[in-house]
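Colleague: predicted structure and sequence below. I'll ask about it afterward.
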Amino acid sequence: MIKRGKEEFAGYNKPKKTPGHATKSNAVLAKSGDEVKLIRFGQQGISGSPDGSARNEAFKARHAQNIAKGKMSAAYWANKVKW
């Protein structure tokens with residue numbers, strides 16, 4: 001277990017749900033090289049849509065540049081976990 005503030009994570013790059021957070025539904029302790037960053041992502045109470053749906057494709061198109069930034073962006077994790 002890796003502890004960051006009050007939260008515990010199973011390891012680096014392993015997202016977890018955060019039902020107690022006011023606005024964000026998930027968090028991940030992202031690590032790329034020596035850089036470690038706590039990233040919160042996803043709107044509380046909202047779920048993604050099935051692959052291929054219009055809503056799913058719109059999300060991926062709208063956030064394509066940020067998803068391409070990799071593990072250190074919230075869009076990457078939202079795409080991987082929620083969409």
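Modeller: Arrived safely, thanks for sending. Just so we're clear, the structure is a prediction, and the values are computed from it rather than from any experiment.
Colleague: next up, phi/psi of Gly42, please.
Modeller: Main-chain dihedrals, Gly42, degrees, to the nearest 10: phi 80, psi 130.
Colleague: hmm, it is touching Val28, no?
Modeller: No. Using Cβ atoms under 8 Å, Gly42 makes no contact with Val28, being 10.3 Å away. Where you see a C-beta, it was placed from the backbone N, CA and C, and this is true even at glycine.
Colleague: so for stretch 19-27, what's the average pLDDT?
Modeller: Stretch 19-27 shows a mean pLDDT of 95.
Colleague: swap in stretch 67-83?
Modeller: Mean predicted confidence for stretch 67-83 is 96.
Colleague: tell me how far the residue lying farthest from the centre of the chain lies from Ala61.
Modeller: Most distant from the centre of the chain: Ala54, at 20.8 Å, with distances by Cα atoms, centre = their mean. In this view, Ala54 and Ala61 are 10 Å apart by Cβ to Cβ, to the nearest Å.
Colleague: now Asn26
Modeller: From Asn26 over to Ala61 (counting by Cβ to Cβ), the distance is 21 Å.
Colleague: comparing the two, which shows the higher neighbour count?
Modeller: Just comparing Asn26 and Ala61: by other Cβ atoms under 10 Å the higher neighbour count belongs to Asn26, 21 against 8.
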